[in-house]
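**Q** Build me a structure from this.
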Amino acid sequence: MTSARAAAAAPPEARTSRTVSASSPPDRAIRPTAAPADASSGDYDATVAPCRELDSISGQLGAAQLYFAPCARGFAGYARGDWPEAIRAFREQLTFFAPVRMGGIWLGHLAWAEFIAGQQETARRRLDEFIASSDPGRVSLALPWAVRALIARADGERELAAQLVRQAVDASPADPFGQSTVVCLAVMAAVQADEGQHDLAVRLAAAVAAFADDAGIRQPPSVRGLIDPVRRACREALGADGFGSAWTRGQGLTLADAVAYVSRGRGPRARPALGWDSLTPTELAVAQAVAEGLSNPQIAARMFISRRTVTTHLTSIFRKLGISSRAELAARAARTATSGSSGTRTGAAPGRAGPARLV
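**A** Predicted coordinates:
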């Protein structure tokens, strides 16, 4: 890897482990943390060789062995499309103690491998349980949401897929290493192509391809399996000239630019600060669920988010609308659906509501 983009794509451990001395077991134990970088570049031997060495000295390491070897094997299997090996290794990795913040990244890769390998129900249960029990403030849910969107897409649940991938893209900047952003944009490209938004889909696919080319990495088979059909469908829909123009514009986008472009396309920059029109797509979905009489646990289950996240969204909704109860929110949602009116509630100053009832 020769660029800043490539450096950003690998964990800090991976960017430093190759320069560590091999004079002691602890030094050798951290070599497999270079796995994401080695696997992305296609150097699978470099990915698994330290694992064999680590296996040979595991008796000296004790707790220091942790998750490094199975994690490295999981990434190697995933990067070369060896789904049984990726599944086996990532499942083994989950039995070790590991940093909480990384849990979503590893579990997301495991679930995607399971999905591709035909274990869709296993992947669905794994993701639903993980998402429902995770705190988005501590765990990056970008990849789990993106893979869950793929499952919804495969089930023909297009609205759910669109909702989940929006959440994934919004959360992807919180991914500490940026790797999930590529996946989220690839999934978004596929969902947008399904919706007939071919120009946007092409730009996102081009941004993903440009990142890989600039970083000198290979897109894994999972991403190629999404992007290649998008390119074919969009070329047919837009024609050669339209496709080429959109692709050229997309290749000029960094990953951050692409995320911002998707967000602008949903309109948040023009969104007012208060009132019904200020609600984000996710907040609107929560408000609709409240209007249907769903409880916080039921909303969390429907939207594949944690109960704490539901409460966070309700707090924001109440503040923006100047209300303090679920009954008021349900009434506002019904009135808006009937009249199409937004505005603020008569008799209440936006953002100055009384004690809120969030549960």
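**Q** just checking, what packs against the lengthiest helix in the chain?
**A** In terms of residue count, the longest helix belonging to the chain (DSSP state H) is helix 221-251. Contact here means 3 or more Cβ pairs under 8 Å, 6 or more residues apart in numbering; DSSP states H and E; on that basis helix 221-251 packs against helix 103-116, helix 179-194, helix 198-215. The C-beta positions use only the backbone N, C-alpha and C, and glycine is treated the same way.
**Q** How far does it sit from its chain's centre?
**A** From the chain centre to the centre of helix 221-251 is a distance of 21 Å (Cα atoms, centre = their mean, to the nearest Å).
**Q** between the next helix-or-strand element following that helix and helix 221-251, what angle do the directions make?
**A** Counting by DSSP states H and E, the next helix or strand C-terminal to helix 221-251 is helix 255-266. Comparing the axes of helix 255-266 and helix 221-251 via axes from the mean of the first three to the mean of the last three Cα atoms, to 10 degrees yields an angle of 80 degrees.
**Q** Please name every helix or strand in contact with helix 255-266.
**A** helix 158-171, helix 179-194, helix 198-215.
**Q** and Ala287, which of the helices and strands packed on helix 221-251 is closest to it?
**A** Nearest to Ala287 among the helices and strands packed on helix 221-251 is helix 179-194 (22.4 Å), distances taken as Cβ to Cβ.
**Q** average model confidence for the closest one?
**A** Regarding helix 179-194, the rounded mean pLDDT is 92.
**Q** Please look at Arg166 and Leu284 and confirm they touch.
**A** No. With contact defined as Cβ atoms under 8 Å, Arg166 and Leu284 do not form a contacting pair (11.0 Å).
**Q** out of the two, which sits in the more crowded spot?
**A** Higher neighbour count among Arg166 and Leu284: Arg166, with 22 against 17, using other Cβ atoms under 10 Å.
**Q** which SS class is Gln288?
**A** Judged by DSSP: H, G, I helix; E, B strand; the rest coil, the three-state class of Gln288 is helix.
**Q** burial count for it?
**A** 15.
**Q** The nearest residue to it once chain neighbours are set aside: how many residues sit nearby?
**A** Distance criterion Cβ to Cβ, 6 or more residues apart in numbering; nearest residue to Gln288, sequence neighbours excluded, is Ala333 at 6.3 Å. Neighbour count of Ala333, defined by other Cβ under 10 Å: 20.
**Q** And the pLDDT at Thr280?
**A** pLDDT recorded at Thr280 is 79.
**Q** separation between it and Cys71?
**A** To Cys71, Thr280 is 34 Å away according to Cβ to Cβ, to the nearest Å.
**Q** now Ser140
**A** Taken as Cβ to Cβ, the spacing of Ser140 relative to Cys71 amounts to 16 Å.
**Q** for this protein, what helix or strand is lowest in average pLDDT?
**A** Taking mean pLDDT, DSSP states H and E as the measure, helix 12-16 is the helix or strand of the chain with the lowest mean score, a mean of 37.
**Q** quick one, what contacts the most centrally placed residue in the chain?
**A** In the chain, the residue lying closest to the centroid (Cα atoms, centre = their mean) is Ala142, at 2.3 Å. Counting by Cβ atoms under 8 Å, 6 or more residues apart in numbering, Ala142 makes contact with Gly104, Gly108, Ala168, Val169, Ala171, Ser172, Ala174, Asp175, Ser180, Thr181, Val183, Cys184.
**Q** For those residues, pick the one with the most neighbours.
**A** Cys184 (32 neighbours).
**Q** Help me confirm that Gln219 comes into contact with Leu226.
**A** No. The criterion here is Cβ under 8 Å, and Gln219 misses it with Leu226 at 9.4 Å.
**Q** The two - which one has more neighbours?
**A** Leu226 (23 against 20).
**Q** Quick check: the more buried one touching Ala189?
**A** Yes. Using Cβ under 8 Å, Leu226 is in contact with Ala189, at 7.1 Å.
**Q** hang on, the earlier thing: would you confirm that the residue nearest to Gln288 contacts Ala291?
**A** Yes. With contact defined as Cβ under 8 Å, Ala333 and Ala291 form a contacting pair (3.8 Å).
**Q** re the thing from before, neighbour count for Thr280 and Cys71, which is higher?
**A** The neighbour count for Thr280 versus Cys71, taken as other Cβ under 10 Å, is higher for Cys71 (26 against 19).
**Q** Quickly find the element holding Ala79.
**A** Going by DSSP H and E, Ala79 is part of helix 68-80.
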